[in-house]
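[1] My questions are about this predicted structure, shown below with the sequence.
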Amino acid sequence: MVAMRVDRMPAAKRDSFQVAYHGKVFDIATQATRDPGGQQVLAEFAACDDVVRVYPVDDENIWLIREKRLGMGSELVLRTVAGGIEEGEDPLVAAQRELLEELGIVADSFEVFHESTPMLKALHTVYHVVARGPRTSADASRYSDPAEYIEPAIFPIDQVEHLVWDGSIREDIIAFGLLRLLRCLRR
């Protein structure tokens, strides 16, 4: 697994980009290219580590989270378990780690059901992972991060589509992931 911060790209790819901004979470990279009319342009891209989104499900429920997000005030936002994939880490291993860190649960199996790019000018991949058979870990409290405010939000699977369409899910990539998951579960 190759995380997509510019400094972590393979050398052949990295050499075609210049870093215009280097931050803690993402870089802004530029690349000289040609537009469809043949004119030389400088394209800008957001580059960050690859991300995993985890959707724990059993026969009846899905586990989401309510989380306070920096910059969004004190409102709790309904989301999925998610996090950056660490350098050299497989998406499924990252999914297991994030699920344990954020909800203190483990699962019987993990499977990538979709890969996406959050926007056209992004240089990273989001791996959507279903975690089947979630259950509380015996030592769950050992893994929680005190810097994050996260609480579990368990919903019947048959209510998920309603959460998407009524606006409870505010991030498009999560809404899409949930709809895609429902389609996979119905097969």
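    Received the coordinates, thanks. Note that this is a predicted model, so its numbers are computed, not measured.

[2] mind listing what Leu76 touches?
    If a contact means CB atoms under 8 Å, 6 or more residues apart in numbering, then Leu76 has 66-68, 151 as its contacts. All C-beta atoms are positioned from the backbone trio N, CA, C, and that covers glycine.

[3] could you measure it against Glu151, distance?
    The span separating Leu76 from Glu151 equals 7 Å under the rule CB to CB, to the nearest Å.

[4] Can you find the helix or strand in this structure with the smallest mean pLDDT?
    Each helix and strand of the chain was given a mean pLDDT (mean pLDDT, DSSP states H and E); the minimum falls on helix 11-14 at a mean of 68.

[5] Now restrict the contacts of Leu76 to buried residues only.
    Those of the contacts of Leu76 that meet the buried threshold are Glu67, by 16 or more other CB atoms under 10 Å.

[6] Make a markdown table out of the contacts of Leu76 and add distance to Ile174 and pLDDT.
    Compiled in a markdown table, the contacts of Leu76 are given as follows (distance: CB to CB, whole Å; pLDDT from 0 to 100):
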| residue | distance to Ile174 | pLDDT |
| --- | --- | --- |
| Arg66 | 13 | 93 |
| Glu67 | 11 | 89 |
| Lys68 | 16 | 82 |
| Glu151 | 17 | 88 |
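
[7] Among the contacts of Leu76, which pair sits farthest apart?
    Set against one another by CB to CB, those have their most distant pair in Lys68 and Glu151, with a gap of 9.5 Å.

[8] out of the contacts of Leu76, who's nearest Val6?
    Closest approach to Val6 among the contacts of Leu76 (CB to CB): Glu67, at 27.9 Å.

[9] so what's the closest one bridging to?
    With beta bridges defined as DSSP bridges, Glu67 has these partners: Val77, Ile150.

[10] My guess is it contacts Ile150. True?
    Yes - A contact is recorded between Glu67 and Ile150 when judged using CB atoms under 8 Å, the distance being 4.9 Å.

[11] Just the CA atoms of the lengthiest helix in the chain, as CSV, please.
    When secondary structure is assigned using DSSP state H, the longest helix within the chain turns out to be helix 172-186. What follows is helix 172-186, C-alpha atoms only, in CSV (Å, rounded to 0.1, in the frame of the first residue of the first chain):
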residue,chain,number,x,y,z
ASP,A,172,-21.5,12.7,0.2
ILE,A,173,-18.8,10.0,0.2
ILE,A,174,-20.3,8.4,3.2
ALA,A,175,-23.8,8.6,1.8
PHE,A,176,-22.6,7.0,-1.4
GLY,A,177,-20.7,4.3,0.6
LEU,A,178,-23.8,3.5,2.6
LEU,A,179,-25.9,3.2,-0.5
ARG,A,180,-23.3,1.0,-2.2
LEU,A,181,-23.1,-1.2,0.9
LEU,A,182,-26.8,-1.7,0.9
ARG,A,183,-26.7,-2.8,-2.7
CYS,A,184,-23.9,-5.3,-1.8
LEU,A,185,-25.8,-6.6,1.2
ARG,A,186,-29.0,-7.2,-0.9
